[in-house]
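Chemist: Make a model of this:
(2 chains)
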Amino acid sequence: MIDGVVNDILVTSIIKFVKVLPILIVAVVASQVVKGYLSHRKISSKFKESESNIAKASAVGIMTPGPLMAFLPLLKDFKKKGLPLSIVAAFITGQAMIGPMRLFLESSYFGVMFFVYKVILAFFIAIAIGTCFVFLEKKIKF
Amino acid sequence: MYAFKRVFEGSIKEFKFLLPIFFLSVVVAVLIERFIPSDFIFAVLGDNLFIAVPLAAFIGVVLPIPRYATYPVAFALFTKGASIGVIFALIAGEVICENIIGDVMEAKFFGLKYFTVRLLLSIVFISIGGFVMEVLL
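Modeler: This next block holds a predicted model:
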């Protein structure tokens, strides 16, 4: 009885996994292509341009592919040179919420419009968090 | 040729990390579909949005769910009656605290106070985003 249930769960899982595999492959390869195209140096120069603009930092964050961890040392260096935490927070929030892989996975699971709205909302959420930090930086010593 | 090699190697590396996690999350999704009644999921994550959306954002933020593993589980919850705003909050929240090493690095580089404030602000604004998504879709 239990064996049958376990077997059934495993078979269903494998079928579902195989169905989603092509999307996963496209998503992974696409994210690697984008990552290769947008080099660290390119993003770094874009980031320098957005030093005093929360909206620009959010947009650059959203457009930046790859794991956030790779950008943290860069952000730390910028902060040492005087970059406000509001810009760091806006960039990190935007970067974490959107990525090329998410485009394929979210579109296939919840529809293209879900992803489109999520990009727009992520942009405003990153700006909102950055703006809160502008005010908080005056009141709290981080 | 070098670019192709880099894309290929990067993809293989990503797959090695992603495939086992994704398969496990598909198994969890199937378990949800089989064993958790739709009525229960609707009652917790679909009925009262003013509780469900912030709850989903909080769960997404605090649970260290691996990257991309939320999707099959979120889809299973969605098909069982969770609202789209809740799904948004869960998926958007998941990325805020997705990697413990990254989180430690962030807290170390910019301060624990900054990290905590960013986390709390994320829960608040992602919840608001969830309500907006509910209206949009």
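Chemist: and residue A:81, what does it touch?
Modeler: The contact partners of residue A:81, by C-beta atoms under 8 Å, 6 or more residues apart in numbering or on different chains, come to none. (C-beta placed from N, C-alpha, C; glycine too.)
Chemist: Flag the shaky bits of the chain, pLDDT-wise.
Modeler: Just going to use chain A. Along chain A, the parts satisfying pLDDT under 70 run over A:1, A:38-52.
Chemist: nope, chain B
Modeler: Across chain B, residues meeting the criterion (pLDDT under 70) sit at B:1-2, B:64, B:98-99.
Chemist: hey, which helix is longest across it?
Modeler: helix B:2-35 (DSSP state H).
Chemist: just the strands in chain A please.
Modeler: With DSSP state E, there are no strands along chain A.
Chemist: longest helix in it, by residue count?
Modeler: helix A:2-37.
Chemist: you'd agree residue B:133 is up against residue B:85?
Modeler: Yes. Counting by C-beta atoms under 8 Å, residue B:133 does reach residue B:85; the two are 4.9 Å apart.
Chemist: Just the buried residues of the longest helix of chain B, please?
Modeler: Neighbour counts over helix B:2-35 (16 or more other C-beta atoms under 10 Å in any protein chain shown) mark B:7, B:10-11, B:14, B:18, B:22-27, B:29-30, B:32-33 as buried.
Chemist: just stretch A:103-112 next, same as before
Modeler: Buried residues in stretch A:103-112, counting neighbours by 16+ other C-beta under 10 Å, are found at A:103, A:104, A:105, A:106, A:107, A:108, A:109, A:110.
Chemist: if I look at the fifth one, how far off is chain B?
Modeler: When C-beta to the nearest C-beta, to the nearest Å is applied, the distance between residue A:107 and chain B equals 11 Å.
Chemist: ok, that residue - contacts?
Modeler: By C-beta under 8 Å, 6+ apart, the neighbours of residue A:107 are A:114, A:115.
Chemist: And for the second one?
Modeler: Residues near residue A:104 by C-beta under 8 Å, 6+ apart: A:23, A:24, A:26, A:27, A:30.
Chemist: Residue 137: neighbour count?
Modeler: Answering for chain A, as no chain was given. The tally of other residues near residue A:137 (other C-beta atoms under 10 Å in any protein chain shown) stands at 15.
Chemist: sorry, should have said chain B
Modeler: The number of residues near residue B:137, taken as other C-beta under 10 Å, comes to 15.
Chemist: same deal with residue B:48?
Modeler: Using other C-beta under 10 Å, residue B:48 has 11 other residues around it.
Chemist: What segments of chain B are strands?
Modeler: Using DSSP E, strands in chain B do not occur.
Chemist: how close does residue B:131 get to chain A?
Modeler: 10 Å.
Chemist: Show the contacting residues for that residue.
Modeler: Per C-beta under 8 Å, 6+ apart, neighbours of residue B:131: B:49, B:53, B:85.
Chemist: Out of these, flag the one nearest to chain A.
Modeler: residue B:85 (10.7 Å; C-beta to the nearest C-beta).
Chemist: Check whether the longest helix of chain B comes near chain A.
Modeler: Yes. Contact of helix B:2-35 with chain A (C-beta under 8 Å from any C-beta of the partner chain) involves B:3, B:6-7, B:10-11, B:14-15, B:18-19, B:22-23, B:26-27, B:29-31, B:34.
Chemist: Packing partners of that helix?
Modeler: Packing partners of helix B:2-35 (3 or more C-beta pairs under 8 Å, 6 or more residues apart in numbering or on different chains; DSSP states H and E): helix A:2-37, helix B:70-79.
Chemist: CSV please, covering those and showing distance to residue A:62 and mean neighbour count.
Modeler: Formatted as CSV, the helices and strands packed on helix B:2-35 follow (distance: least, C-beta to C-beta, whole Å; neighbours: other C-beta atoms under 10 Å in any protein chain shown):
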stretch, distance to residue A:62, mean neighbour count
helix A:2-37, 12, 15
helix B:70-79, 19, 22
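Chemist: possible to save those helices as a markdown table with distance to residue A:139?
Modeler: Shown next, in a markdown table, are the helices and strands packed on helix B:2-35 (distance: least, C-beta to C-beta, whole Å):
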| stretch | distance to residue A:139 |
| --- | --- |
| helix A:2-37 | 38 |
| helix B:70-79 | 34 |
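Chemist: Out of these, the one nearest residue A:87 is which?
Modeler: helix A:2-37 (22.5 Å; C-beta to C-beta).
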